[in-house]
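> pasting the sequence and the predicted coordinates here, then a few questions.
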Amino acid sequence: MGVPIASWPMHSDQPRNGFLVTEMLKIGVIVREWEKREELVSASTIENVVRKLMASEEGNVIRKRAEEFGEAVRQSTEKWGTSRIELDSFIAHITR
């Protein structure tokens, strides 16, 4: 949707997705590392992450990147977008 993500992995594929969002795509900030999943997260930790995303220079960069990423995803799903073309191709393949 083009908004930054506060990543808080708890189970399953979430640690991998958190890594993708924060380290690869750089459109979010980690709330708590997976290795520390048993630790309690304080309200001040969450407050600091939200402040970082919403009221810092780093947050400005992350928000801008998330907005650009969201627009790219929206374009890819439009009529002649890459994701739409691939989905249409897949459907054509499995229904022939």
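Alright, I've got the coordinates. Numbering: from 1, shown residues only.

> may I ask which helix or strand encompasses G59?
helix 57-76 (DSSP states H and E).

> which positions in that helix come out as buried?
Buried residues in helix 57-76, defined by neighbour count with 16 or more other Cβ atoms under 10 Å: G59, I62, R63, R65, A66, F69. To be clear about C-beta, it is placed using only N, CA and C from the backbone, and glycine gets the same treatment.

> same question, stretch 20-33
By 16+ other Cβ under 10 Å, the buried positions in stretch 20-33 come out as V21, T22, K26, I27, G28, V29, I30, V31, R32.

> cool, stretch 5-19 as well?
By neighbour count on 16+ other Cβ under 10 Å, the buried set for stretch 5-19 is I5, A6, S7, W8, P9, P15, G18.

> and the first one, how far from V21?
Counting by Cβ to Cβ, to the nearest Å, the gap between I5 and V21 amounts to 5 Å.

> overlap in contacts of those two?
Residues touching both I5 and V21 (Cβ atoms under 8 Å, 6 or more residues apart in numbering): I27, G28.
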